[in-house]
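[1] Return a 3D structure for these sequence lines:
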Amino acid sequence: MQLSHGLSLFCAIALRKAVEERLLEFRQVSGQTVEAHYAPTNVLLQEIDDGARPDVVIGVTAAVERLGATGFLDPTSLAPFAKSGIGVAVPPGTDPPDVSTVRSLIAALMAARSVAYSRNGPSGVYFARLLRELGISEHVNQTAAIVDHGFTALALLDGRSDLAVQQLSELQAVPGVRIAGPLPDPVQHHTHFSIAMDSRPVNPESAGNGPAVELFTFLTTGAAA
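    Prediction:
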């Protein structure tokens, strides 16, 4: 992927809705436009391996830490950014099932015509393992809509599924769908995200990453934080 010479941000797609709102505020206060690219963290890592060089990266904490350890990102800038649990959503106008206990969650998944979940995202990887642990993987996967990338709740809008499982931040990004609730505590799983800057030296008087410092500071302090 080729990036322009403007200020650039790579961000995990799970945080897209919240970060987009912050970037609008950043443009208003700074006058700078950010070229933001949203994708699952593993996709962002592949694009970085292929030569992309964003100024700021927001992704799953373990992945951001690895980029810091290799010197691509400045490890001293790494900071916690957000965390998101996994939830269940249903189509607009649909009464959500009870998913407040493990037993009721299993009942809802078994009764669903089709369950949508992610193939590559952290929520989908965990959910696939959870299905196996609950002993219902074969039944659910017979009709599941497994989404390679993007928001699983879109499958609720086009009729592919009647339940969607993904991080709550991603479910909430799809207008109109109803959140049945988070996974019950005994089987809940939180994904932690961190933020860090490119490791290129800071030189605000040149084409270095001075603007990246401004963006990083905006996203990690004050009202945005």
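
[2] CA atoms for contacts and neighbours, from now on please.
    OK.

[3] Look through the protein and tell me its longest helix.
    Counting residues, the longest helix found in the chain (DSSP state H) is helix 16-30.

[4] buried stuff in that helix?
    Buried residues in helix 16-30, counted by 16 or more other CA atoms under 10 Å: 16, 19, 22-23, 26.

[5] Next, format those as TSV and append distance to residue 104 and pLDDT.
    Formatted as TSV, those follow (distance: CA to CA, whole Å; pLDDT from 0 to 100):
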residue	distance to residue 104	pLDDT
16	30	90
19	33	94
22	37	93
23	39	94
26	43	93
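
[6] For those residues, give me TSV that also has distance to residue 102.
    Compiled in TSV, these are given as follows (distance: CA to CA, whole Å):
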residue	distance to residue 102
16	29
19	32
22	36
23	38
26	42
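
[7] What is the nearest of the residues you listed to residue 8?
    When those are compared for distance to residue 8 (CA to CA), residue 23 comes out closest, at 11.2 Å.

[8] pretty sure the closest one contacts residue 34?
    Yes. Using CA atoms under 8 Å, residue 23 makes contact with residue 34 at a distance of 7.2 Å.

[9] For residue 77, see how far away residue 68 is.
    As for residue 68, its distance to residue 77 is 9 Å (criterion: CA to CA, to the nearest Å).

[10] which neighbours do the two share?
    residue 196 (CA atoms under 8 Å, 6 or more residues apart in numbering).

[11] Settle it for me: which of the two has more neighbours?
    residue 68 (20 against 15; other CA atoms under 10 Å).

[12] And the more buried one, which helix or strand is it part of?
    Assessed by DSSP states H and E, residue 68 sits inside helix 61-69.

[13] repeat for residue 150
    When the helices and strands are read off by DSSP H and E, none of them contains residue 150.

[14] Sheet partners, orientation included, of the helix or strand just after the helix holding residue 68?
    Once the chain leaves helix 61-69, the next helix or strand it forms, by DSSP H and E, is strand 79-84. Strand 79-84 pairs in its sheet with strand 191-197 (antiparallel), by DSSP bridges.

[15] And the contacts of the partner strand?
    With CA under 8 Å, 6+ apart, strand 191-197 has contacts from 55-61, 64, 68, 73-75, 77-85, 122-123, 212-213, 216.

[16] so where do the helices sit in this protein?
    Counting by DSSP H, the helices of the chain are 16-30, 41-49, 61-69, 102-111, 122-134, 137-141, 154-157, 168-171, 210-220.

[17] Output those helices as JSON lines; include the columns distance to residue 9.
    Shown next, in JSON lines, are the helices of the chain (distance: least, CA to CA, whole Å):
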{"stretch": "helix 16-30", "distance to residue 9": "10"}
{"stretch": "helix 41-49", "distance to residue 9": "11"}
{"stretch": "helix 61-69", "distance to residue 9": "13"}
{"stretch": "helix 102-111", "distance to residue 9": "37"}
{"stretch": "helix 122-134", "distance to residue 9": "20"}
{"stretch": "helix 137-141", "distance to residue 9": "35"}
{"stretch": "helix 154-157", "distance to residue 9": "25"}
{"stretch": "helix 168-171", "distance to residue 9": "19"}
{"stretch": "helix 210-220", "distance to residue 9": "9"}
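
[18] closest to residue 186 out of the ones you listed?
    Across the helices of the chain, residue 186 has its closest neighbour in helix 102-111 (7.4 Å, CA to CA).

[19] got any ranges where the protein has weak pLDDT?
    1-5, 201-209 (pLDDT under 70).
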